[in-house]
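Peer 1: here's my sequence, what's the structure:
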Amino acid sequence: MEKIRIQFTLFSAFYSPLISTMSGGFLKAEGLDPEWSVSPPGVSAIAALQDGSAHVVQSALSQAFTPLNEGKTPPAVHFAQVNEMDGFFLTGREPDPAFTWKKLEGAEVVMFKAGQPLAMFKYACHRAGIDFAKIKPVYPGGAADIDRAFREGQGRYVQQQGPFPQQLHADGVGHIVAQVGKQIGPCGFSSLAATRAWLKTDMAQAFMRAYRKTRIYMNQTPAADIAKAEKPYFPKIDQAVLAECIATYQRLGCWTPHVEITRAAYERTLDVFEYNGLLKQRYRYDQVCAAPPAH
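Peer 2: Below is the predicted model:
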């Protein structure tokens, strides 16, 4: 077995296509023994590629925009998609079948303060025809801080990735009222990144064979079976909650069977960051993305 080191920027069920390469045995079937980690708060997983402590990282196309805005060449390239949709949910205090985004205006919303989660949320509000400036934001910190704040009574709504919202629902604390991804549509939301040199290796080809099989598994396997295999990776989440989260993401369509980052998805990501004033120019696809390694 050859050791492959994988690092996540965030670790949640939203990134199940990468988690399932491990939990579903697909990497081991290709002779790869996975060792995984999560990047420390405030540190980009891209740094792990630069110092050689990771071969593959879960990242986002937007990571490349920072060096490009500075006139530099990004140290890594994005070669496959993980999620082709924003995976955040809006959860309210009460069930609201008649929820409209207009209800966010004037309301306290516990949310992420920066980065892609905020950029995508602002763009979703724009697409929904509401004024983001009329929302009263509450910024407690990271994902765990946001969850704790809402559980302790802050905010009327909360912006979270699964399985946090499903666990809130199971605990009787909140009720999912909307999915941010439905407002934005397909985009290059989260991705796999590596160095251009690594993509030429035999290990990269073996990883890609495993990942292609995992993408099919994610779409053809019942959510309950995926959740059962993944449960050891989520010791604090109820298995039924994990299964519901995975089923929701399957229905959302963020785990499409194709692995490549499409040009249309890339362009939509540019739209989001351009709207937020975070791009100096619309960068070429090949400045950020590369084709997946051949079989």
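Peer 1: which residue ranges of the stretch 101-250 of the chain form helices?
Peer 2: Applying DSSP state H, counting those that start in this stretch to the stretch 101-250 of the chain gives helices spanning 115-128, 143-151, 164-170, 180-184, 202-220, 223-230, 239-252.
Peer 1: tell me the bridge partners for the residue nearest to the spatial centre of the chain.
Peer 2: Nearest residue to the geometric centre of the chain (CA atoms, centre = their mean): Ser190, 4.7 Å. In this structure, Ser190 bridges to Asn83 when assessed by DSSP bridges.
Peer 1: of the helices of the stretch 101-250 of the chain, which is nearest Pro41?
Peer 2: helix 143-151 (10.2 Å; CB to CB). Every residue, glycine included, has its C-beta placed from N, CA and C.
Peer 1: how about the closest one: buried residues?
Peer 2: 143, 146-147, 149-150 (16 or more other CB atoms under 10 Å).
Peer 1: a markdown table for the helices of the stretch 101-250 of the chain, including mean pLDDT and distance to Met1?
Peer 2: Formatted as a markdown table, the helices of the stretch 101-250 of the chain follow (pLDDT from 0 to 100; distance: least, CB to CB, whole Å):
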| stretch | mean pLDDT | distance to Met1 |
| --- | --- | --- |
| helix 115-128 | 96 | 34 |
| helix 143-151 | 95 | 32 |
| helix 164-170 | 94 | 34 |
| helix 180-184 | 95 | 37 |
| helix 202-220 | 97 | 11 |
| helix 223-230 | 98 | 19 |
| helix 239-252 | 94 | 27 |
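Peer 1: deepest of these, which one?
Peer 2: helix 164-170 (a mean of 22; mean count of other CB atoms under 10 Å).
Peer 1: now distance to Gln50 too, for the helices of the stretch 101-250 of the chain, in a markdown table please.
Peer 2: Formatted as a markdown table, those follow (distance: least, CB to CB, whole Å):
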| stretch | distance to Gln50 |
| --- | --- |
| helix 115-128 | 19 |
| helix 143-151 | 25 |
| helix 164-170 | 30 |
| helix 180-184 | 30 |
| helix 202-220 | 17 |
| helix 223-230 | 29 |
| helix 239-252 | 30 |
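Peer 1: show me the shaky parts of this structure.
Peer 2: Applying pLDDT under 70 to the chain flags the ranges 295.
Peer 1: hmm, try it at 80
Peer 2: Within the chain, the stretches with pLDDT under 80 are 41-42, 295.
Peer 1: in it, which spans are strands?
Peer 2: All strands of the chain, identified by DSSP state E, fall at 2-8, 32-38, 56-59, 77-83, 88-92, 108-110, 136-138, 157-161, 175-179, 190-194.
Peer 1: same for the last one, what does it pack against?
Peer 2: For strand 190-194, the packing partners by 3 or more CB pairs under 8 Å, 6 or more residues apart in numbering; DSSP states H and E come out as helix 46-50, strand 56-59, strand 77-83.
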